[in-house]
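[1] sequence plus predicted model, see below.
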Amino acid sequence: MAIVASDLRSVRATVSGPVSWQAAMKSAIRDPAELCRELELPADLASEIADASFRVFAPRGYVAKMIPGDPRDPLLLQVLPRVEELEDTEGFVKDPVGDLDAALASGLIHKYHGRVLLVATGACAIHCRYCFRRHYPYETIPRTLEAWRPAIQQIAADSTVEEVILSGGDPLTLVDRLLEQLVGELERIPHLKRLRVHTRLPVVIPERVTDELLAWLTGSRLAPIMVVHANHPREVAGDVAAALTKLIRAGVPVLNQSVLLRGVNDDVESLAELSRELVNLRVMPYYLHQLDRVAGTQHFEVPVERGIELIEQLRARLPGYAVPRYVQEIAGEANKRVLA
Ligand SMILES: *Cc1c(COP(=O)(O)O)cnc(C)c1O
Ligand code: SF4
């Protein structure tokens, strides 16, 4: 029956035409049973208890890139709530990277010299099961310009800060009008030179790369850098490739970060193919993250020795610039630790 499903899928893709990114957010799959049904998988593949602690959220365009009938699909594994999440494993905790200690004002995290991370919103356009922010107390995070003011003042008061990283959650779940206002405020701080945006939106809802977005991102005196997040080569195909190209043509350097995930990309073919697809699009592989030891994610962990081996295999296959740095975040350290 898989053939019928992929036929339906291609019909839907051709008749639906472009949808706005907000419509894509609204129509995202939020029900684990529906996710399984869409993919012709038994409903009991999803754990309702795991879903209750971190709800499914999967844009339909992203789900359309999964292969129906395959319970081990590398894209599906990133969004499917599984019983394994309920296991309590020693060493896996709610805040392994010490973000809560590092929060200066509400929403501002200053861990590394010269750059601060502004948690602009708690919302994401996909719920990644391995995410280190799945336990983050997002209720406390500002979502309006007024509420960001203390963070903005704190940045203005510290002349060592040259770069603001808009992060979250995902900052691009906010509307362009609000982001434009925020950038306008940041621009007035003379010691700021760069604006970095950490986002998964161009990968999961490529319609998000609007002309309005390009206008505030490239129209600022701050040098823009975008860091997207894709883990598997299938995530950057088709409409995503077009969206990334649009950013690059507009003059925005685009980097990619991935998380090393068991069953998703812990094989040299997937990682090499991802890097090749990215550099062909002019997107630079930046980081391959060792999984943060977040409660409920232990089944995604790949041993560091295996990660180092994979990086060595990538080096033997790819140009040097196409090999990401394999890094791990250690609470209290001055930078992310380079493992290979
Ligand atoms: C990862 C991270 C950064 C950015 O680090 P780079 O090595 O510059 O990419 C900044 N602040 C925080 C809190 C981070 O976790
Ligand atoms: S913060 Fe990034 S990794 Fe975490 S759920 Fe949101 S999009 Fe996924």
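    That came in fine, so what should we check first? Ligands and ions are numbered 1, 2, ... in the order given.

[2] could you pull out the helices for this protein?
    Per DSSP state H, the chain carries helices over the ranges 2-16, 21-26, 32-38, 48-53, 60-63, 76-79, 99-102, 145-156, 176-187, 201-204, 211-218, 239-249, 268-280, 304-317.

[3] on contacts alone, who are the packing partners of the second one?
    Under the contact definition 3 or more C-beta pairs under 8 Å, 6 or more residues apart in numbering; DSSP states H and E, helix 21-26 sits against no other helix or strand. Just so you know, the C-beta spots here come from the backbone N, C-alpha and C atoms, and that holds for glycine as well.

[4] count of neighbours near residue 284?
    16 (other C-beta atoms under 10 Å).

[5] which one is residue 255 nearest to, not counting chain neighbours?
    residue 286 (3.8 Å; C-beta to C-beta, 6 or more residues apart in numbering).

[6] tell me the contacts of that neighbour?
    227, 255, 256, 257, 324, 325 (C-beta atoms under 8 Å, 6 or more residues apart in numbering).

[7] where does the protein come near ligand 1, residue by residue?
    109, 111, 112, 115, 117, 165, 335, 336 (C-beta under 6 Å from any ligand atom).

[8] beta partners of the first one?
    I take that to be residue 109. residue 103, residue 117 (DSSP bridges).

[9] which residues are contacting stretch 234-249?
    61-62, 65, 74-75, 202-203, 206-209, 214, 226, 228, 230, 254, 274, 277-278, 281-283.

[10] check the offset of stretch 115-130 from the chain's centre.
    Computed by C-alpha atoms, centre = their mean, to the nearest Å, the chain-centroid distance of stretch 115-130 equals 8 Å.

[11] tell me if that stretch is near ligand 2.
    Yes. Using C-beta under 6 Å from any ligand atom, stretch 115-130 comes into contact with ligand 2 via 124, 126, 127, 128.

[12] quick one: residues contacting the third one.
    The one in question is residue 127. 54, 55, 56, 57, 58, 79, 134.

[13] of those - the most surrounded one?
    Counting by other C-beta under 10 Å, top hit in the contacts of residue 127: residue 58 with 26 neighbours.

[14] out of the residues of the chain next to ligand 1, which are buried?
    Applying 16 or more other C-beta atoms under 10 Å to the residues of the chain next to ligand 1, the neighbour count classes 109, 111, 117, 165, 336 as buried.

[15] next, format these as JSON lines and append pLDDT.
    Shown next, in JSON lines, are these (pLDDT from 0 to 100):
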{"residue": "109", "pLDDT": "93"}
{"residue": "111", "pLDDT": "93"}
{"residue": "117", "pLDDT": "96"}
{"residue": "165", "pLDDT": "98"}
{"residue": "336", "pLDDT": "97"}
